[in-house]
Each structure stands twice: as structure tokens, then as C-alpha cells.
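Undergrad: fold the following and give me the result.
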Amino acid sequence: MTIVLIHGAATRADVWNPLVAALGDLDRVIVPQRDYSGDWGHELGALEPLCAGALVVGVSGGATLGLELALRGVPLRGAVLHEPAAGSYAPALLDHVAAAWRENGVDGFGSALYGPAWSRKLSPSASAVARDFAMFRRFEPYAPSTPLTHVLLTSGERSPESRHMSVQALSRLTGARTTLVPGASHAVHLEAGAALASLVRSEHSRSPTPALRS
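TA: Numbering: from 1, shown residues only. Below is the predicted model of the structure:
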């Protein structure tokens, strides 16, 4: 089974290098470098052929893209999605990130979103971050025609209550399963890589039939 790792805003594909190493014995791991186009159609169009039939793993904006793929009926084998955006179901979720972006640009954005595990060396240009942030703030989830039981939504043990509430709201809306990642906040791939790898391995073993597009 192919595993696809989708990165979020203010990071590049190489943010996944430690997880790739941890999953090295599992089939084929693909780590696409997104274009930061700011356009949902472009981003999803590039990811869909890679993700169809695959186990998709995403954090933050990468989780948001994975969730949108699942909502659109792309036949994912499964998904592990950590703290995606929640649109109007958590309207203030990214307010502190927006404030930090206005005040301190990319450095403020990355630190507010991911915490101390993030560093500027992980980030693309300021214009790329701006396009991503605008796109992810436009995300609005909706109820799928079939519950997303093949999707696992995760939140970090150390994340603020607003993150836990947003994940639970998304679970109620979509039918996705949820779990808590010990030792992690939003930057689970940087803070708790072993725990994330364990979850991916568990979902890989679970291997349900792909959810077909309705």
C-alpha cells in the first residue's frame, strides 16, 4: 500500500524526512512537494492521483487537504489527519496565527502555528505562506454522503482545548474516528514522531477497503 505524506503551511516536503525513515519498511512512501498555489483545485488536482488508493497522512494544512480529498469521495485506503482546519465549526481557531502573521511575518506565523519545534529553515517564502494561509482559511467542511470511517482524526495531548473541540466537531460532522496523540501539540511530526509512526503503522495494518467516490 502506498503512503502519501502531505505537508502543511510554512513547511516543505522535507519536514517529513524523520517519518519517512521511521516508515522505511512499509511499502512505498510518497512525499509530494506542494506548489503553494493558493488554489484548491490546483492543489487537490495534483494530490488526487497520488492519494487514490493510498493511506494519506497530513498535519495542519496537509490534514485539511487530506480531509477535503476524503470529503470529495477520492477513494483513500485510509487517512491519519492531525488537527485540520474546521472552518465555521471553529471560527476563531486560527485567529492567533493571523495576529502573529501580521505582527512578525513568517517567523510569527510558524511559531504561533507549530510552536517551538518549528524553525524558519523549514519554511518556504513569505508569499508561499501567504497563499497557503488564505487558502486554508477558506476551507469549509461539510457532511459527506457516507461517513468517513476510514479516516482517523488526531489531536495532540498538549494542544489547546480549541484544537480538541475542533477535531471533535469534525468527527461529529464527518463520521471520522478520533484519537489523542501523547506528547504532541500541533506539530506532531516534529514533536512526537514515534507516536505518529505508530498510528500510521496501525492504520496501515487496518487496511480497509478504499472508500469509493459517490
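
Undergrad: next, the residue nearest the centre of the chain: secondary structure please.
TA: With distances taken as C-alpha atoms, centre = their mean, A63 lies nearest the centre of the chain, 1.7 Å away. Three-state call for A63 (DSSP: H, G, I helix; E, B strand; the rest coil): helix.

Undergrad: low pLDDT regions in the chain?
TA: 207-214 (pLDDT under 70).

Undergrad: try 50 this time
TA: 214 (pLDDT under 50).

Undergrad: quick one, helices of the protein?
TA: 17-22, 40-51, 61-71, 95-114, 126-137, 161-174, 188-191, 193-206 (DSSP state H).

Undergrad: what does the third one contact?
TA: Read that as helix 61-71. 5-9, 40, 43-44, 47-48, 51, 56-58, 76, 79, 81-85, 132, 136, 139, 141-142, 144, 148, 150-151, 153, 170, 174, 176, 211 (C-beta atoms under 8 Å, 6 or more residues apart in numbering). Bear in mind the C-beta positions are built from the backbone N, C-alpha and C, glycine included.

Undergrad: that helix vs helix 95-114, what angle?
TA: Here helix 61-71 runs at an angle of 110 degrees relative to helix 95-114 (axes from the mean of the first three to the mean of the last three C-alpha atoms, to 10 degrees).

Undergrad: for helix 61-71, list the C-alpha coordinates in PDB.
TA: These are the backbone C-alpha positions of helix 61-71, laid out as PDB (Å, rounded to 0.1, in the frame of the first residue of the first chain):
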ATOM      1  CA  GLY A  61      -2.900  22.300   6.300                       C
ATOM      2  CA  GLY A  62      -1.800  18.800   5.000                       C
ATOM      3  CA  ALA A  63      -4.500  17.300   7.100                       C
ATOM      4  CA  THR A  64      -7.000  19.900   5.700                       C
ATOM      5  CA  LEU A  65      -6.100  18.800   2.200                       C
ATOM      6  CA  GLY A  66      -6.500  15.200   3.100                       C
ATOM      7  CA  LEU A  67      -9.900  15.800   4.700                       C
ATOM      8  CA  GLU A  68     -11.100  17.600   1.600                       C
ATOM      9  CA  LEU A  69     -10.000  14.700  -0.600                       C
ATOM     10  CA  ALA A  70     -11.900  12.300   1.600                       C
ATOM     11  CA  LEU A  71     -15.000  14.600   1.600                       C
END
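
Undergrad: and it, how far from the chain's centre?
TA: 7 Å (C-alpha atoms, centre = their mean, to the nearest Å).

Undergrad: based on its surroundings, how many neighbours for A128?
TA: As a burial measure, A128 scores 19 neighbours (other C-beta atoms under 10 Å).

Undergrad: so who does it touch?
TA: Y36.

Undergrad: in stretch 13-21, what counts as buried?
TA: A13, V15, W16, L19, V20 (16 or more other C-beta atoms under 10 Å).

Undergrad: no, scratch that, I was asking about stretch 180-195
TA: So, applying 16+ other C-beta under 10 Å, buried residues of stretch 180-195: V181, A184, S185, H186, A187, V188, H189, L190, E191, A192, G193, A195.

Undergrad: chain center to that stretch, what's the gap?
TA: 13 Å.

Undergrad: repeat that for stretch 83-94.
TA: For stretch 83-94, the distance to the chain centre is 13 Å (C-alpha atoms, centre = their mean).

Undergrad: if anything else comes up later, I'll come back, but that's it for now.
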